[in-house]
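Colleague: Make a model of this:
(chains A, B, C and D)
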Number of protein chains: 4
Amino acid sequence: MNYRKVGKWGLKISELSLGSWVTFGNQLDIGGAKEIVREAFKNGINFFDTAEAYANGMAESMLGEILKEFRRSDIVVSTKIFWGGNGPNDRGLSRKHLIEGIWGSLKRLQLNYVDIVYCHRPDPETPIEETVLAMDYIIRSGLALYWGTSEWSAEQLESAHKACKELNCIPPIVEQPQYNMLVRKRVEKEYQPIYEKYGMGLTTWSPLASGVLTGKYNNGIPEDSRLAKFPNLKKHLEESGILSEQTFVKLQKIQKIADSLDAKLSQLALAWCLLNPHVSSVILGVSKLEQLHENLKALEIKEKITKDIADEINKILEEE
Amino acid sequence: MNYRKVGKWGLKISELSLGSWVTFGNQLDIGGAKEIVREAFKNGINFFDTAEAYANGMAESMLGEILKEFRRSDIVVSTKIFWGGNGPNDRGLSRKHLIEGIWGSLKRLQLNYVDIVYCHRPDPETPIEETVLAMDYIIRSGLALYWGTSEWSAEQLESAHKACKELNCIPPIVEQPQYNMLVRKRVEKEYQPIYEKYGMGLTTWSPLASGVLTGKYNNGIPEDSRLAKFPNLKKHLEESGILSEQTFVKLQKIQKIADSLDAKLSQLALAWCLLNPHVSSVILGVSKLEQLHENLKALEIKEKITKDIADEINKILEEE
Amino acid sequence: MNYRKVGKWGLKISELSLGSWVTFGNQLDIGGAKEIVREAFKNGINFFDTAEAYANGMAESMLGEILKEFRRSDIVVSTKIFWGGNGPNDRGLSRKHLIEGIWGSLKRLQLNYVDIVYCHRPDPETPIEETVLAMDYIIRSGLALYWGTSEWSAEQLESAHKACKELNCIPPIVEQPQYNMLVRKRVEKEYQPIYEKYGMGLTTWSPLASGVLTGKYNNGIPEDSRLAKFPNLKKHLEESGILSEQTFVKLQKIQKIADSLDAKLSQLALAWCLLNPHVSSVILGVSKLEQLHENLKALEIKEKITKDIADEINKILEEE
Amino acid sequence: MNYRKVGKWGLKISELSLGSWVTFGNQLDIGGAKEIVREAFKNGINFFDTAEAYANGMAESMLGEILKEFRRSDIVVSTKIFWGGNGPNDRGLSRKHLIEGIWGSLKRLQLNYVDIVYCHRPDPETPIEETVLAMDYIIRSGLALYWGTSEWSAEQLESAHKACKELNCIPPIVEQPQYNMLVRKRVEKEYQPIYEKYGMGLTTWSPLASGVLTGKYNNGIPEDSRLAKFPNLKKHLEESGILSEQTFVKLQKIQKIADSLDAKLSQLALAWCLLNPHVSSVILGVSKLEQLHENLKALEIKEKITKDIADEINKILEEE
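Modeller: Have a look, this model is predicted:
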């Protein structure tokens, strides 16, 4: 396993990491989750990501119960605050919710501090100075070592850094955006000045575009698949053009490249994310041990992707 | 129940809230207070206001005993520091009293922190930098999440914000002024630049002008009424023109509007306060369950007040 | 008892206060000290001053044991750090000694915090930024509410305030100089710009000039008196001109004024210190209950000193 | 024993101090180490240096166990953070490693705080602002009183001080470089502006150049000697010109001066380091009680080195 710095900063995380979204507390019970976390760690994964919102806190509780067996400095644990419940102050990035939220997360995680705490979304209803001062408080109180954002626009990140400078607050070091072969613009274009000016790194989610990049939807939606179960997700993917005939055509071409590398399409898709040097870690969602092992092989595939192959893939992806 | 942001800030409080002045520890014992707080919370009230001065701390002790049964993040609790006793350092906004005061309040409230701590009055004897640094200390120590002021002039608020900027201190987010149909100037005129420059919100007290806006004094002071019991209050209301023939004339006209809305005068008076978008919450003083229910209906009345009706009320109020 | 603000700041201390230098742990055992502290408090004294150096910490231990019976917010307790022992880091105003010193003092005092911590002397061997940052740390950690200096020159105070401004540190609010009828220059001349620019107050020591202002040395040094026991002190007083024929001549004239006010010379000398509005409190050294009562009467004498009488006294003091 | 200030700062350390590198946990068990620490302290040594890296933390554990018997303020304890283990975040100057590292060190040392925490090396992979903010956090949390660096270039020190100023962080006060008769450039030339601008002091290591300055290698490498056991060290010394014929020629000349002073070459070499006023303390590595006593005599030798003798030594050292 390679470890990358988070942007310009000193923290190092494994190129592939383990998320707990969808899986922990839903597809996985504590036994299954423990098995996967242990195997991930054994294979060099040191970064474990969760959020107060996942399975209403149950994902944090499970992760905390499991991580007790590791040496604290061997792991990098992150959580995200935004959706903590249904009360008027249970959501968003107010000082009240951020501080009450991180306290709740740490209790469930059975930790004294997380390594990274993310603002899970931007909150246009709260002034950036309130959020920035609260994050600074969380770090200076020792409840987290670093902070980041998730799905913020470049403009919102700019305003956060500006407020940090004005208020003498510790700035965010990492963004957690969606990034995959089919969703590229923000990471590859919009954030460019952010990398340069602030040295922020990325931990990226949805590397397989909700499963589309496994190719399993190329010939229709199988029963029992996630898209069959969640019609809203299907609708969203269709409307954003991710789930489309055009996509299937491209994926058939990329499948051939995968074949030539002796790789599954999903492995190639994961490996492709890591070609971007701004990506510090690609977060995996894994519900079975075999799936973990399959995904980990993406690291070997990555080594086989020459400049020419990468260009070829990108050319296919950019076809209209 | 609607929830409003406190000015531009991220904290959200219910449009109507429950105060403990006059009632807790005076008209209400712990049983009665508990009944009212529970009912208020059940009806969506999430903001509970008290002060170290109310009933010599007994209001805080009662509120703390009652609030134990709620989830901390579901409620917004505020207290106010200024009058803590008779000793030379028991009053005002010195660092000594502010810090010793909040410690005392938190003990009585059985809380680790309040959501908002107010400077209950301005203190011309203490330099603003001392007060501002002490409030900053209280927030950075985690004893309160936000701070505010009560009955400060716009000029005093300006000087507080200026000192905060100079000393890198967290600024106040909310003022608690008197505001009702008969006392309007400060909120509607004087604070205008404060709203615009600093985004402060308001939690307002005395929405019924010590009962005058219930109409019960229109025909003289009934025995057993508050004004009969507290001649000083009566005198103050007379001298400030609140208790006057001119008022009674206006109230009789406004009573007619209330009638047409199927509302009590008091309900219309409460609803009227909420027409001002700078008001985040109107603090109710309630000593009986029926009174609480009656007051809560103001929210329905508010929906019936069209622009035309509001204009008509204000025209009556501005008659000379 | 009157209470004065400490300079422009919000803290209020009694015009007369109780020191523990020379007396606690030397002339007074715990029983005697307790009697005097209780009587002082009963008479309105709320300010109690000590230092880590007094009786090698025993003065703090005794004061702490006694003060346990008071409500914390009723008293203002100060200590001073500089001479904590004989080790290389036991003296001066280094960060190491200041922080280790205050921890030691608080343990002996059985307190969580003192109201004021003084730098007992200037330390030319330690850069002012080190001292200022350490005092700021002490305050922001809650170990003291305010800080001050003792026997610093105006120039040293200037440099401290300048460093505070540059380093965003909380500035000192009070100086503790020697001040009495015979030692006036620093308080009356040198500090003038300090009062104006920074609003510092004064708590003054040696109001009776080591007993000279009781008049008891006018006719020679009595056996058993302090000057008989401490030849170095006598020498110092002689060399600085305090103990001199010229002084005795003046004191005989002032004695007559005292007689006319029905006062002892010592009472007049104490009252005279309080005529200076920059003096917040005059620290008494008392070893007997009667002495305390005698000194407290200075407050009544002060009321009798008209502008004319004050001028007359000062004219005598300024005679060459 | 003389005590010197650390640069311009208020902390005072003994001219000779005790390191734990190589010796603690290697050549010395707990019994031997205890004997040496006690004897060192008895002879006036108050500064004890260790690092998380020494004997994989065992040096800290041993030192902590021994130092329990001393009064905390009598000793100055330092540790260094950089190499804490083999995990991806166990090395370097990231916020994660610095904070987790100091926590680990303090546990092993059984201390609440160290006096000085050093960044054991520069870390070009971590931005200086991250390191500086983390050191500031460590100091403001009370885990250390001062911080320093070890083997940083003047340019790196400049950038640290610049970042401290910009971010309102407490700056480093001390560097720990190698310094001896054969390695002089950095201390005597490169750091010159650092002394002048920032008043940093030095605690220096390797005063005997890995034993070369004892003269024991003048006639070849004895079996059982350190250079025989560690061929890499030997190679490094040869390549850097320290272990060379030219050196032996010089040492024979300096031996004669030593003889004339009735000193061993090693004692003269130690004494020579202390001639540099920027050196606050020379750190001794001692594995036997006799060696400690022998080294301590360097203090007497130092008194015998006149200006002329010093010039003569330096002339010999500068011969080409």
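
Colleague: For the stretch 1-150 of chain A, which segments are assigned as strands?
Modeller: Shown for the stretch 1-150 of chain A, the strands assigned by DSSP state E, counting those that start in this stretch span residues A:3-5, A:12-14, A:16-19, A:47-49, A:76-81, A:114-119, A:144-149.

Colleague: Reformat the ones you listed as JSON lines; add mean neighbour count and distance to B:L111.
Modeller: Bear in mind the C-beta positions are built from the backbone N, C-alpha and C, glycine included. Supplementary listing: the strands of the stretch 1-150 of chain A in JSON lines, determined by neighbours: other Cβ atoms under 10 Å in any protein chain shown; distance: least, Cβ to Cβ, whole Å:
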{"stretch": "strand A:3-5", "mean neighbour count": "19", "distance to B:L111": "42"}
{"stretch": "strand A:12-14", "mean neighbour count": "25", "distance to B:L111": "38"}
{"stretch": "strand A:16-19", "mean neighbour count": "26", "distance to B:L111": "36"}
{"stretch": "strand A:47-49", "mean neighbour count": "28", "distance to B:L111": "33"}
{"stretch": "strand A:76-81", "mean neighbour count": "27", "distance to B:L111": "21"}
{"stretch": "strand A:114-119", "mean neighbour count": "26", "distance to B:L111": "24"}
{"stretch": "strand A:144-149", "mean neighbour count": "26", "distance to B:L111": "24"}
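
Colleague: Need these in CSV (columns: distance to C:P122 and mean pLDDT).
Modeller: Formatted as CSV, the strands of the stretch 1-150 of chain A follow (distance: least, Cβ to Cβ, whole Å; pLDDT from 0 to 100):
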stretch, distance to C:P122, mean pLDDT
strand A:3-5, 47, 98
strand A:12-14, 48, 98
strand A:16-19, 56, 98
strand A:47-49, 52, 98
strand A:76-81, 48, 98
strand A:114-119, 45, 98
strand A:144-149, 40, 98
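
Colleague: Specify the stretch among those strands that is closest to B:V22.
Modeller: Of all the strands of the stretch 1-150 of chain A, it is strand A:76-81 that lies closest to B:V22, at 38.8 Å by Cβ to Cβ.

Colleague: rewinding a little: which of the strands of the stretch 1-150 of chain A sits closest to chain C?
Modeller: Across the strands of the stretch 1-150 of chain A, chain C has its closest neighbour in strand A:144-149 (20.6 Å, Cβ to the nearest Cβ).

Colleague: Now do the closest one: everything it contacts.
Modeller: Residues outside strand A:144-149 that contact it (Cβ atoms under 8 Å, 6 or more residues apart in numbering or on different chains): A:6, A:9, A:11, A:78, A:102, A:113-119, A:122, A:135, A:138-139, A:156-157, A:160, A:170, A:172-176, A:200, A:203, D:95-96, D:99.

Colleague: Number of residues surrounding the residue in the stretch 1-150 of chain A positioned nearest to chain B?
Modeller: Using Cβ to the nearest Cβ, the point where the stretch 1-150 of chain A gets nearest to chain B is A:S94, with a distance of 2.7 Å. By other Cβ atoms under 10 Å in any protein chain shown, 28 other residues sit near A:S94.

Colleague: how about the helices of the stretch 101-250 of chain A, start to end?
Modeller: Applying DSSP state H, counting those that start in this stretch to the stretch 101-250 of chain A gives helices spanning A:128-140, A:154-167, A:185, A:192-198, A:226-229, A:231-239, A:245-260.

Colleague: middle-most residue in chain A, spatially?
Modeller: Among the residues of chain A, A:W205 comes closest to the average C-alpha position under Cα atoms, centre = their mean, at 3.2 Å.

Colleague: which residues sit in contact with it?
Modeller: Going by Cβ under 8 Å, 6+ apart, A:W205 touches A:19, A:21, A:176-179, A:283.

Colleague: distance of it from chain B?
Modeller: 25 Å (Cβ to the nearest Cβ, to the nearest Å).

Colleague: Can you flag the weakest of the helices of the stretch 101-250 of chain A by average pLDDT?
Modeller: When these are ranked by mean pLDDT, helix A:226-229 comes last with a mean of 88.

Colleague: How about the residues of chain A by chain C?
Modeller: Within chain A, no position lies close to chain C (Cβ under 8 Å from any Cβ of the partner chain).

Colleague: Could you tell me how many residues sit around whichever residue of chain A sits closest to chain C?
Modeller: Nearest to chain C, among the residues of chain A, is A:N168, at 8.3 Å (Cβ to the nearest Cβ). Neighbour count for A:N168, taken as other Cβ under 10 Å: 13.

Colleague: Just to check, it is in contact with B:N168?
Modeller: Yes - assessed by Cβ atoms under 8 Å, A:N168 is found in contact with B:N168 at 5.9 Å.

Colleague: who touches the residue lying farthest from the centre of chain A in this structure?
Modeller: In terms of distance from the mean C-alpha position of chain A, A:E166 ranks first, at 29.3 Å (Cα atoms, centre = their mean). Residues near A:E166 by Cβ under 8 Å, 6+ apart: A:E129.

Colleague: returning to what we had before: between the contacts of A:W205, which is closest to D:E129?
Modeller: Ranked by distance to D:E129 (Cβ to Cβ), these are led by A:Q176 at 22.0 Å.

Colleague: My guess is that closest one contacts A:C119. True?
Modeller: No - assessed by Cβ under 8 Å, A:Q176 is found out of contact with A:C119, at 9.6 Å.

Colleague: Need the overlap of contacts for these two.
Modeller: A:80, A:148-150.

Colleague: What is the nearest of the residues you listed to chain D?
Modeller: Among the shared contacts of A:Q176 and A:C119, and counting by Cβ to the nearest Cβ, the member closest to chain D is A:G148, at 13.3 Å.

Colleague: Tell me what that closest one is bridged to.
Modeller: With DSSP bridges as the criterion, A:G148 is bridged to A:Y118, A:V174.

Colleague: do you know how far it is from A:I13?
Modeller: 12 Å (Cβ to Cβ, to the nearest Å).

Colleague: ok, now A:E52?
Modeller: Note on A:E52: its distance to A:I13, by Cβ to Cβ, is 21 Å.

Colleague: just to revisit the earlier point, residues shared between the contacts of A:G148 and A:I13?
Modeller: A:T203.

Colleague: For the one helix or strand in chain A whose mean pLDDT sits lowest, name the packing helices and strands.
Modeller: The weakest-scoring helix or strand in chain A, judged by mean pLDDT, DSSP states H and E, is helix A:226-229 (a mean of 88). Packing partners of helix A:226-229 (3 or more Cβ pairs under 8 Å, 6 or more residues apart in numbering or on different chains; DSSP states H and E): helix A:231-239.
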